[in-house]
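> With the input below, show me the fold.
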Amino acid sequence: MRFLFVGGGTGGHLAPALGLAEALRERGHETLFLSGGREVEQDFLREAGPAVPLGTERGRLPRPLRLLRAMVRARRQARAFRPDLVVGLGGLTGAAALAARRGRPLVLLEGNRVVGRGVRLLRPFASGALTLFPEPAAELPNGVCVGPVGRRALRPRPPAEARAHFGLPAEGPVLLLTGGSQGALALNRAVAAAAAALAADGVRLLAAAGPGKEEELRRAAVAAGLTAVVRGHLAEMGAAYSAADLALCRGGAATVAELWLHRLPAVIVPYPGHADRQQVWNARALEPGVEMVEEPAAAVQRARELLADEALRARMRTALAATAPAEGLEQGVRILEEIAGRRA
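This is a model prediction of the structure:
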């Protein structure tokens, strides 16, 4: 069978879709991704198999005209690919799933605890929905909470092996800094300002600073004598989570799912620009396995305190294990196959 994935924009939209597509291909199915074309998507889509940018995120045309053009392109791609099922990922590009359906069933993916605007737009046309949290499953047609969806790049490794992969010492606490797929300058700068204090604490830093945002943090680490691996993007996030003792991060859908999968305690600094405060709601679902601190400098200070308290981090891991849903990849793939099979 053929599965067409339409949408993107951030890792939260793409990450669970990548895991599903990977598993579908392993079972002999064909997949195709239609994405917006943002630079940040390309790091994810290297894992995705065939992918075509629709151009919603780039160009001189006004946004509505870019979306209209993307819908024309999506319909053309769907006509050639002939999918048995279309998966809508949300984001602006996700609206192009309406043009790509061509009478085929549409299934939505929602990774946030609050249903996003792109998914709400597609809701009346959907045959089903797969969600990370139970609350949106209750709002969406035939919604099923499958929990976090893994993929090959997220597979855990032994901690010593994971640290060696990044060239980090086997001993000492490791702080994983990630602002999500796009990075977060506010978090990068807060860590850069505290680089000398982190070095004095004996902390090692592993940072996914965001594409084009790594140099300032890298320079600060060198100047402070902080042992640090700073990259724009970390492709092997399973190794990164396995190497870390604590994460300092945003609270996007992909990040919270991965924290749950790896049972990694975290200090979450929710992105302040969302009107629906979706990252606040995401973070609250993981408490007390994570702590939420809204001011970046205060969050770094709290991360230092937690890195010095191994017993508290152990209790946070236990809390994450107690609240985490089962890994949802197998269930998600089975649901997609069942819905597609009704029309194949």
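> can you tell me which residues contact residue 294?
With contact taken as C-beta atoms under 8 Å, 6 or more residues apart in numbering, residue 294 is in contact with 269, 270, 272. C-beta: built from backbone N, CA, C; applies to glycine.
> Pull the longest helix seen in the chain out as CSV, backbone CA atoms only.
Ordering each helix of the chain by length in residues (DSSP state H) puts helix 63-81 first. Coordinates of the C-alpha atoms in helix 63-81 are reproduced here as CSV (Å, rounded to 0.1, in the frame of the first residue of the first chain):
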residue,chain,number,x,y,z
ARG,A,63,1.3,33.2,2.3
PRO,A,64,-2.2,32.5,1.0
LEU,A,65,-0.9,32.3,-2.5
ARG,A,66,1.9,30.0,-1.5
LEU,A,67,-0.6,27.7,0.2
LEU,A,68,-2.8,27.7,-2.9
ARG,A,69,0.3,26.8,-5.1
ALA,A,70,1.2,24.1,-2.6
MET,A,71,-2.3,22.6,-2.9
VAL,A,72,-2.0,22.4,-6.7
ARG,A,73,1.4,20.7,-6.3
ALA,A,74,0.1,18.3,-3.7
ARG,A,75,-2.7,17.3,-5.9
ARG,A,76,-0.3,16.7,-8.8
GLN,A,77,2.0,14.6,-6.6
ALA,A,78,-1.0,12.6,-5.2
ARG,A,79,-2.2,11.9,-8.7
ALA,A,80,1.2,10.4,-9.6
PHE,A,81,1.7,8.6,-6.3
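> Mind checking the pLDDT average for it?
The average pLDDT within helix 63-81 is 91.
> For it, which residues meet the burial criterion?
66, 67, 68, 69, 70, 71, 73, 74, 75, 77, 78, 81 (16 or more other C-beta atoms under 10 Å).
> name the helices or strands packed onto whichever strand or helix holds residue 129?
Residue 129 belongs to strand 128-131 when assigned by DSSP states H and E. On a contact count with 3 or more C-beta pairs under 8 Å, 6 or more residues apart in numbering; DSSP states H and E, strand 128-131 meets strand 106-110, helix 134-139, strand 143-145, helix 329-341.
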